[in-house]
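my questions are about this predicted structure, shown below with the sequence.
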Amino acid sequence: MELFIYGGIALAGYVVVGIYYFFFRSKKTTLNLYAISATPPSGADVPSADNISAVVVSFKSIEMQPADGDERVILDGLGTVDFMSLDENMSKLLEGRSVPPGTYVWMRLMVDTSKSEPTCYVETNGVKTPLWIPSGNTTGLKLTKGFTMPENDTSNFAIEFNIVKSLKSPTKAGSFYSMKPTMKLIDNYVPTSVIEVDSTDVTADSSDPKII
């Protein structure tokens, strides 16, 4: 008799978990995320004396924190962005990725530093100089503006980078460039001219996101 009761309780528990997942965790929204460039102030430019032709950053993932304190959502497979190419175009970071709907309090981009060769660099006169991004691979590039993912809908977001304000030239010979990103999140973004990110070395998982 006790075995029957305990079995019934366990079965009821599984049913409750199943109902919770079906009604709350199985709901999805579609996320498209782009990288765009802020319009430089009149007469402003990246340090012209350096003859900079590329400012490249490789991103490995994006993390988003739900407002209800639930587990973080992690999406892999972002790829590489050249910020110098964003003047007239935009880079597609994520397309058609499923995420749980709801309100989120922050989003952050994690920088890829896993490879032996520099994945973040500034190219001047054909020479690549490493680019240092403080906390880029630990706490990432964080956007603290909250946002909402509506249920059963598509959300188009753009991360606007201001490379003019972000990039710092080396202070002495042999030192690195540094980048303290000045950026903001734009929702309800309407994409126009799009360039694809270089994701040759990045494996994108188009299945459900990781929940941690």
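Noted; the coordinates are in hand. Note that the coordinates shown come from a computational prediction; the quantities given were computed from them, not determined experimentally.

any idea how far Ser178 is from Phe161?
According to Cβ to Cβ, to the nearest Å, Ser178 and Phe161 sit 15 Å apart. Every residue, glycine included, has its C-beta placed from N, CA and C.

an error on my part: the question was meant for Asp82.
For Asp82, the distance to Phe161 - Cβ to Cβ - is 11 Å.

Val56 now?
13 Å.

looking at these two, which is more packed in?
With neighbours defined as other Cβ atoms under 10 Å, Val56 and Phe161 compare such that Phe161 has more, 25 against 19.

can you pull the phi/psi pair for the closest residue to the more buried one other than its chain neighbours?
Of all residues not flanking Phe161 in the chain, Met183 sits nearest, at 4.8 Å (Cβ to Cβ, 6 or more residues apart in numbering). Met183 has phi and psi values of phi -150, psi 160 when expressed as degrees, to the nearest 10.

burial of Met183, as a residue count?
Neighbours around Met183, by other Cβ under 10 Å: 19.

isn't it up against Asn162?
Yes. In this structure Met183 lies within contact range of Asn162 using Cβ atoms under 8 Å: 6.8 Å.

wait, what's in contact with the residue nearest to Phe161?
Met183 is in contact with Leu141, Leu143, Ile159, Glu160, Phe161, Asn162, Ser166, counting by Cβ atoms under 8 Å, 6 or more residues apart in numbering.

which element is the fourth one on?
Right, Glu160. strand 154-161 (DSSP states H and E).

list the strands paired with that strand, with their directions.
strand 29-37 (parallel), strand 183-187 (antiparallel) (DSSP bridges).

could you single out the most deeply buried of these?
strand 29-37 (a mean of 21; mean count of other Cβ atoms under 10 Å).

avg pLDDT for that one?
Averaging pLDDT along strand 29-37 yields 90.

contacts for that strand, please.
62, 75, 81, 83, 86-87, 90-101, 149-163, 186, 189, 191, 194, 197.

derive a ChimeraX selection command for the buried subset of these.
Buried residues within the contacts of strand 29-37, by 16 or more other Cβ atoms under 10 Å, are selected in ChimeraX with:
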select :62,75,81,83,86,90,91,92,93,94,97,99,100,101,149,155,157,158,159,160,161,162,163,186,189,197
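
now do the nearest residue to Val111 once chain neighbours are set aside against Met110, distance only.
Excluding its sequence neighbours, the residue lying closest to Val111 (Cβ to Cβ, 6+ apart) is Gly136, at 3.4 Å. Distance, Gly136 to Met110, using Cβ to Cβ: 8 Å.

next one: Tyr189
21 Å.

likewise Thr148?
22 Å.

residues near Gly69, how many?
Neighbours of Gly69 (other Cβ under 10 Å): 7.

helix, strand, or coil at Asp68?
coil (DSSP: H, G, I helix; E, B strand; the rest coil).
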